[in-house]
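>>> here is a sequence with its predicted model. Questions after.
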Amino acid sequence: MMNKINTIFGICTRDPRITKKVLALCALCLAVCSKVQKLQRAALKDPVKCAVSTKYQTVEKLLQSYIFVPAKFKDCYLVYIINELAGNSFIIFCSTCNNTQRMALLLRNLGYAAIPLHGQMNQNKRLGSLNKFKGKMRSILLATDVASRGLDIPHVDVVINFDIPTHSKDYIHRVGRTARAGRAGKSVTFVTQYDVELFQRIEQLIGKKLPEFPTREDEVMMLVERVSEAQRFALGVCPIDCFRVRWLCNDPPLNTISLLHLTTSMRIVVSWPCLVLGKMSKIEAN
């Protein structure tokens, strides 16, 4: 922040067309800390301090809701909600890099255009994932809190807190990825039997009780078999299949043959795990 302030003041002092009035306005637009206050006293005459409320709140056009789910069936409920809100673009927040990776593989196996974004990816891969989502080549972005701040993606329709944030303030940043610049948006927060206290803290922070997202349990249970197979796929990828997974994820036209082959391989792995030697490899579904 101080580097930016120095840059602004440097430009102002070099350019005679910029008046002191504009210079004062520039100073008021910046965050104020003790160093900034000293800089104001040194460079400005009778500066006016403008302060804003520190209350945490969300925008009016954001439709917020929660869904209470058993931890065992979180994945099934996620697929159900994606189906219910089909046609929208999603950012789904997970608490860990591993869970982000797992859910991206699970959703890709079910036919959804999902891609991960997390801190263990290098910068080029992170930018690649972000650009694919921005370019609408992928409609679902699985992300950690690395994507909760500083990103301006205009077309985000729905934010899903798949893993509830540990810090209540992070909730504000997450749901702030949608309903931007006057547009409408939705957010759905998953609450398991272990998350009730964290959810109550969020409601206390934003000063409102959230409505429950309507679901039909019978329709969710119909997804259990398909989702269970996708879970085994996401957790049971062995080293010999890593190159096929990359091929599957990066080349949609070639998906059919690769998916059939890989599904058969995964069934063998699950049925006879003793045939698979070595450790499971981490892969990136981008």
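On my side now, so go ahead.

>>> how about low-confidence regions in the stretch 1-150 of the chain?
Judged by pLDDT under 70, the stretch 1-150 of the chain has its weakly predicted residues at 1-37, 39-41, 43-57.

>>> in it, which spans are strands?
With DSSP state E, counting those that start in this stretch, the ranges of strands along the stretch 1-150 of the chain come out as 62-68, 90-93, 114-117, 140-143.

>>> could you pull out the helices for the stretch 51-200 of the chain?
With DSSP state H, counting those that start in this stretch applied, the stretch 51-200 of the chain shows helices at 74-84, 97-109, 123-134, 168-175, 196-206, listed in chain order.

>>> one step back: just send the strands of the stretch 1-150 of the chain back as JSON lines, with distance to residue 128 too.
In short, each C-beta sits where N, CA and C put it, glycine included. As requested, these are exported to JSON lines (distance: least, C-beta to C-beta, whole Å):
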{"stretch": "strand 62-68", "distance to residue 128": "29"}
{"stretch": "strand 90-93", "distance to residue 128": "16"}
{"stretch": "strand 114-117", "distance to residue 128": "9"}
{"stretch": "strand 140-143", "distance to residue 128": "12"}
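
>>> to residue 108, which of these lies closest?
Closest of the strands of the stretch 1-150 of the chain to residue 108 is strand 114-117, at 5.4 Å (criterion: C-beta to C-beta).

>>> what's in contact with the closest one?
Among residues not part of strand 114-117, those counted as contacts by C-beta atoms under 8 Å, 6 or more residues apart in numbering are 100-101, 103-104, 107-108, 126, 129-130, 132-133, 138-144, 146-147, 284-286.

>>> just so I know, which of the strands of the stretch 1-150 of the chain lies nearest residue 187?
When those are ranked by distance to residue 187, counting by C-beta to C-beta, first place goes to strand 62-68 at 5.0 Å.

>>> now for the strands of the stretch 1-150 of the chain, which one comes closest to residue 185?
Smallest distance to residue 185 across the strands of the stretch 1-150 of the chain (C-beta to C-beta): 5.3 Å, for strand 62-68.

>>> that closest one packs against which elements?
Under the contact criterion of 3 or more C-beta pairs under 8 Å, 6 or more residues apart in numbering; DSSP states H and E, strand 62-68 touches strand 185-191.

>>> pLDDT averaged over the strand it packs on - what is it?
The average of the pLDDT scores along strand 185-191 is 97.

>>> tell me the strands beside that strand, with direction?
Using DSSP bridges, the neighbouring strands of strand 185-191 in the sheet come out as strand 62-68 (parallel), strand 158-161 (parallel).

>>> which of those strands sits most buried?
Each of these was scored by mean neighbour count; the highest is strand 158-161, a mean of 24, by mean count of other C-beta atoms under 10 Å.

>>> ranking the helices of the stretch 51-200 of the chain by burial, who's on top?
Each of these was assessed for mean neighbour count using mean count of other C-beta under 10 Å. The highest is helix 97-109, with a mean of 23.

>>> quick check: the nearest residue to residue 143 once chain neighbours are set aside vs residue 68, distance?
Excluding the flanking residues, the one nearest residue 143 by C-beta to C-beta, 6 or more residues apart in numbering is residue 117, at 4.4 Å. Separation of residue 117 from residue 68 (C-beta to C-beta, to the nearest Å): 27 Å.

>>> got it, and residue 208?
The value you get for residue 208 to residue 68, if C-beta to C-beta is used, is 17 Å.

>>> just residue 99 next, same as before
As for residue 99, its distance to residue 68 is 20 Å (criterion: C-beta to C-beta).

>>> wait, what's in contact with residue 153?
91, 130, 133-134, 177.

>>> make it 6 Å
With contacts defined as C-beta atoms under 6 Å, 6 or more residues apart in numbering, residue 153 is in contact with residue 134.

>>> which phi and psi does it have?
Its backbone dihedrals place residue 153 at phi -110, psi 110, with angles given as degrees, to the nearest 10.

>>> fine by me, we can end here.
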